[in-house]
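A.B. asks: The sequence isn't on hand, but the structure is:
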């Protein structure tokens, strides 16, 4: 601190005071899904209809370490009788990343299991990007309510 005075009789003085600051680590992922908190594609009445949904993913990090975002599809789109929508009819692609690398830039079938969708730059720069999902139901699809689950995770590299 420096103390100054308008009086010529009081000299300026400097005091050194130790300061300590601790910055908490931040490393988490926000997911915002268009039209609610789940991917609800609604009701399809005829085959070959097309529905699209989007998820905006935001990585918050101050670790300064590279990281990877992974998407996990727990099971195929299946109805209660076990009928499956083929993976060619449920596809996705990434967009809007400014740093790092999106690993899926064109329509790619959604498959069961883990899939890396984004890798940060070497500095682990925070990022916001989109994953876009496209569902077309084949004409021969059996009636019913189809569902699955998609999970997103981040890990440091």
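C.D. replies: Arrived safely, thanks for sending. Computed from a prediction, not measured in an experiment: that's the story for all the values here.

A.B. asks: correct me, but residue 132 touches residue 91?
C.D. replies: No - the criterion here is Cβ atoms under 8 Å, and residue 132 misses it with residue 91 at 9.1 Å. In short, each C-beta sits where N, CA and C put it, glycine included.

A.B. asks: partner residues bridging the residue nearest the centre of the chain?
C.D. replies: Of all residues in the chain, the one closest to the mean position by Cα atoms, centre = their mean is residue 57, 2.6 Å from it. Counting by DSSP bridges, residue 57 is bridged to residue 31, residue 129.

A.B. asks: Distance check, it against residue 118.
C.D. replies: The spacing between residue 57 and residue 118, counted by Cβ to Cβ, to the nearest Å, is 8 Å.

A.B. asks: got it, and residue 16?
C.D. replies: Distance, residue 16 to residue 118, by Cβ to Cβ: 46 Å.

A.B. asks: So between these two, which is more surrounded?
C.D. replies: With neighbours defined as other Cβ atoms under 10 Å, residue 16 and residue 118 compare such that residue 118 has more, 24 against 6.

A.B. asks: got the contact list for residue 13?
C.D. replies: Counting by Cβ atoms under 8 Å, 6 or more residues apart in numbering, residue 13 touches 2, 3.

A.B. asks: So which residues of the chain form helices?
C.D. replies: Assigned by DSSP state H, the helices in the chain number zero.

A.B. asks: Tell me where the model's unsure across it.
C.D. replies: By pLDDT under 70, the low-scoring segments of the chain are 36-37, 46-48.

A.B. asks: can you give me the strands in it?
C.D. replies: If DSSP state E is used as the criterion, the strands of the chain fall at 2-3, 13-14, 27-33, 50-61, 67-73, 90-95, 101-102, 108-109, 113-119, 127-136, 150-156.
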